[in-house]
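**Q** Take a look and give me a structure for this.
(3 chains)
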Amino acid sequence: MASPPEAALTDYERRREENIRRNDAILASLRRKAADLSAAIQSSSSSKRPKKQQPRASPAAAAPGSPVVLRRSLRTRGLPPSGSSSAASPPAQAPASPPAAPRSTRFSSSLASAILAAASPGSPPVRDDGFDAGAELVLRPSHVRRVVPDRILSVRILPLVDRTVVAAGNKLGNVGFWDVDEDGDGADGVFEYLPHRGPVGAIVAHPAMPQKIYSCSYGGEICLMDVEKENFNMIHLTDYPIFSLCQAPNSPSCLYFGEGNDLKLFDERMGKVSVTWNSHDNRINSIDFHPENTSMLATSSTDGTARIWDLRTMKEKEAESLKVLEHGRSVQSAYFSPSGRMVATTSLDDTVRIFSVDNFDNSDIMKHNNKTGRWLSTFKAIWGWNDTDLFIGNMGRAIDIISVDLNDRSLSATKKACLESEHMTAIPCRFSAHPYKVGHLACASSGGKVFLWTRV
DNA sequence: TGGGGTATTATCACC
DNA sequence: GGTGATCCATACCCCA
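**A** Numbering: from 1, shown residues only, chains lettered A, B, ... in the order given. Model (predicted):
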């Protein structure tokens, strides 16, 4: 696959700088207007809190008085992509435009300051503390929210020690944040933006730098959210879809992403792609680093394989992997267990497979119905807070917990429990485990809803 | 061998 | 409560 010409990238970078400056000016103006409106709303209302669940409205249909910024992509306006070398003149508005129609104006105060306050070097993610997922998880009715419209493709609980903020990206390019009310005082909120022009394949944030929230999209963008300014800056644009994104565990500014069939490294400090590995024969659906060995990573692909790589020995062309894990069909995910001793894959061949990293022949296969069809996001089994629990969606609007047991000579996986709730009104497709709160499990559906299971 | 056609599947807005 | 629209997945089948 060819990359965009270098000249186009530098041209793009120049325009990007201009766009950032222009957007800052627009944003400053909007913030003044929003502040005026906010003051007007507060003075005319006895309630100081935003409504718990405001009716969702498209930007064009938003209520008068809402701080609406209508973002229109170049594509929808029939213009060439801003990164295209054929673009004759700078676009009127870059895709990294001001936020569209936040559903509340609280983010910039309480939530943003909480995220920025958490920016001190993060403590390592927590591990199991004797938690029994099958018996202790519950879904409270207050822990269900529509976070974005339409189908969610990516969900991530931000790495904040004492707060639960769920970010979700959807098919339309929206990224929504749900600041969960955990005290029951009604102080939660949902904030919605439109930074992308295509489906949001992944959202990541590093525990050591939770204020830097990156997202990627099938439209070929990688965006970095500026939490303080509450806007998104496009830091990379390509003509090819970006399906997956992952941060290096020891270097949060090193972004590994799957651009079509290629695995690429974007170094944010350099502001460019520094390495490209031709690693798969089809789209890369997931990228995950080994938690201890920071040069080892796992990828999964629609080419029917999951592959384990050693960055130190990878060659750019026809890269050779440490191991190829063959599946009967497309592989949707390959994730290392919290200790790094195992890898779990989810495939459209209707299996979840678990492999020992020390000996990949030591493995087990679980049959699991992964036929989600066209309207649902595919299932991806994730690890919980220990090396025994795997969580995966179930077509019966439930969560399957697979229990894994690894010893020196054998590895076995069994279905341990099926979590069901009357409040789970849709099929949970994508999951995220809270990095600091054992038992806080977010799952996202194809209707834009997020369900947050918590500990009894 | 590869391109076109199509079956599959759940959710929600609208009536 | 019934129903049409969704349509950036995927795999399979068939035909050129």
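
**Q** And the residue in chain A positioned nearest to DNA strand C, how close does it get to A:Asn370?
**A** Chain A approaches DNA strand C most closely through A:Arg329 (3.0 Å), counting by C-beta to the nearest atom of the strand. Every residue, glycine included, has its C-beta placed from N, CA and C. Going from A:Arg329 to A:Asn370 by C-beta to C-beta, to the nearest Å gives 9 Å.

**Q** just A:Lys380 next, same as before
**A** Distance of A:Lys380 to A:Asn370, computed by C-beta to C-beta: 9 Å.

**Q** hey, what's in contact with both of the two?
**A** Listed contacts common to A:Lys380 and A:Asn370 are A:332, A:346; contacts here mean C-beta atoms under 8 Å, 6 or more residues apart in numbering.

**Q** what about A:Asp129, neighbour count?
**A** Other residues within reach of A:Asp129, judged by other C-beta atoms under 10 Å, total 9.

**Q** Actually, A:Thr351.
**A** Tallying neighbours of A:Thr351 according to other C-beta under 10 Å, which is how burial is gauged here, yields 17.

**Q** If you drop the residues flanking it in sequence, what lies closest to it?
**A** When the adjacent residues along the chain are set aside, A:Thr351 lies closest to A:Ile365, with 5.2 Å between them (C-beta to C-beta, 6 or more residues apart in numbering).

**Q** quick one: that neighbour is in a helix?
**A** No - the assignment for A:Ile365 is strand, going by DSSP: H, G, I helix; E, B strand; the rest coil, so no helix is present there.

**Q** In contact with it, which residues?
**A** A:Ile365 makes contact with A:351-353, A:413 under the criterion C-beta under 8 Å, 6+ apart.

**Q** Is it correct that A:Ala381 is in contact with A:Ala334?
**A** No - checked against C-beta atoms under 8 Å, the pair A:Ala381 and A:Ala334 is beyond contact range at 9.8 Å.

**Q** Look at the two and report which has more neighbours.
**A** For A:Ala381 versus A:Ala334, the count of surrounding residues by other C-beta under 10 Å is larger for A:Ala334: 29 against 25.

**Q** Where does the stretch 201-350 of chain A get nearest to DNA strand B, residue-wise?
**A** Ranked by C-beta to the nearest atom of the strand, the top residue of the stretch 201-350 of chain A for proximity to DNA strand B is A:Leu348, at 10.7 Å.

**Q** Enumerate every residue touching that residue.
**A** Taking C-beta under 8 Å, 6+ apart, we find A:Leu348 in contact with A:329-332, A:370-371, A:378.

**Q** are any of those residues buried, and which?
**A** Neighbour counting with 16 or more other C-beta atoms under 10 Å marks A:330-332, A:370, A:378 as buried within those.

**Q** Which strand or helix spans the closest residue to A:Asp226 other than its chain neighbours?
**A** Spatial nearest neighbour of A:Asp226, excluding adjacent residues (C-beta to C-beta, 6+ apart): A:Asn233 at 6.3 Å. A:Asn233 is part of strand A:231-237 when elements are defined by DSSP states H and E.

**Q** So which elements touch that strand?
**A** In terms of contacts (3 or more C-beta pairs under 8 Å, 6 or more residues apart in numbering; DSSP states H and E), strand A:231-237 is packed against helix A:6-44, strand A:221-226.

**Q** Just after that strand, pick out the following helix or strand.
**A** Scanning forward in sequence from strand A:231-237 by DSSP H and E, the next helix or strand is strand A:242-248.

**Q** Return the list of strands paired to the next helix or strand after that following strand, each annotated with direction.
**A** Next in sequence after strand A:242-248, counting helices and strands by DSSP H and E, comes strand A:251-259. Paired neighbours of strand A:251-259 in the sheet (DSSP bridges): strand A:242-248 (antiparallel), strand A:262-267 (antiparallel).

**Q** buried stuff in strand A:251-259?
**A** Residues of strand A:251-259 classed as buried under the neighbour-count rule (16+ other C-beta under 10 Å) are A:252-259.

**Q** For it, report the contacting residues that lie outside it.
**A** Residues outside strand A:251-259 that contact it (C-beta under 8 Å, 6+ apart): A:1, A:202, A:204, A:206, A:208-209, A:212, A:214, A:216, A:220, A:222, A:238, A:240-248, A:263-269, A:280, A:283-287, A:289, A:297, A:299.

**Q** Give me the secondary structure label for A:Ser113.
**A** Following three-state DSSP, the label given to A:Ser113 is helix.

**Q** on that earlier part again, which one of the helices and strands packed on strand A:231-237 has the lowest average pLDDT?
**A** Among the helices and strands packed on strand A:231-237, helix A:6-44 carries the lowest mean pLDDT, a mean of 40.

**Q** Show me the shaky parts of chain A.
**A** For chain A, residues meeting the criterion pLDDT under 70 lie at A:1-109, A:119-123, A:186-187.

**Q** Give me every residue in it lying close to DNA strand B.
**A** In this structure, chain A approaches DNA strand B at residues A:56, A:146, A:149, A:371-376, A:395, A:397, A:425-427, A:445-449, judged by C-beta under 7 Å from any atom of the strand.

**Q** can you tell me which of those residues are up against DNA strand C?
**A** Filtering these for proximity to DNA strand C (criterion: C-beta under 7 Å from any atom of the strand) leaves A:373-375.

**Q** The residues you listed into JSON lines, with extra columns for secondary structure and neighbour count?
**A** Conversion of these to JSON lines gives the following (DSSP: H, G, I helix; E, B strand; the rest coil; neighbours: other C-beta atoms under 10 Å):
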{"residue": "A:Gly373", "secondary structure": "coil", "neighbour count": "8"}
{"residue": "A:Arg374", "secondary structure": "coil", "neighbour count": "4"}
{"residue": "A:Trp375", "secondary structure": "coil", "neighbour count": "9"}
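
**Q** out of these, who's nearest A:Asp226?
**A** For those, the closest approach to A:Asp226 (C-beta to C-beta) belongs to A:Trp375, at 33.8 Å.

**Q** Could you pull out the strands in the stretch 51-200 of chain A for me?
**A** For the stretch 51-200 of chain A, the strands defined by DSSP state E, counting those that start in this stretch cover A:137-146, A:152-157, A:165-170, A:175-179, A:189-193, A:200-206.

**Q** hey, which of those is tucked in deepest?
**A** Each of those was scored by mean neighbour count; the highest is strand A:165-170, a mean of 27, by mean count of other C-beta atoms under 10 Å.

**Q** Quick one: residues in contact with it.
**A** With C-beta under 8 Å, 6+ apart as the contact definition, strand A:165-170 has outside contacts at A:111, A:115, A:147-158, A:175-180, A:196, A:199-203, A:205, A:213, A:215, A:217, A:432, A:442, A:444, A:448, A:450, A:452.

**Q** redo that, cut-off 7 Å
**A** With C-beta atoms under 7 Å, 6 or more residues apart in numbering as the test, strand A:165-170 has contacts from A:111, A:147-158, A:175-180, A:200, A:203, A:213, A:215, A:442, A:444, A:448, A:450, A:452.
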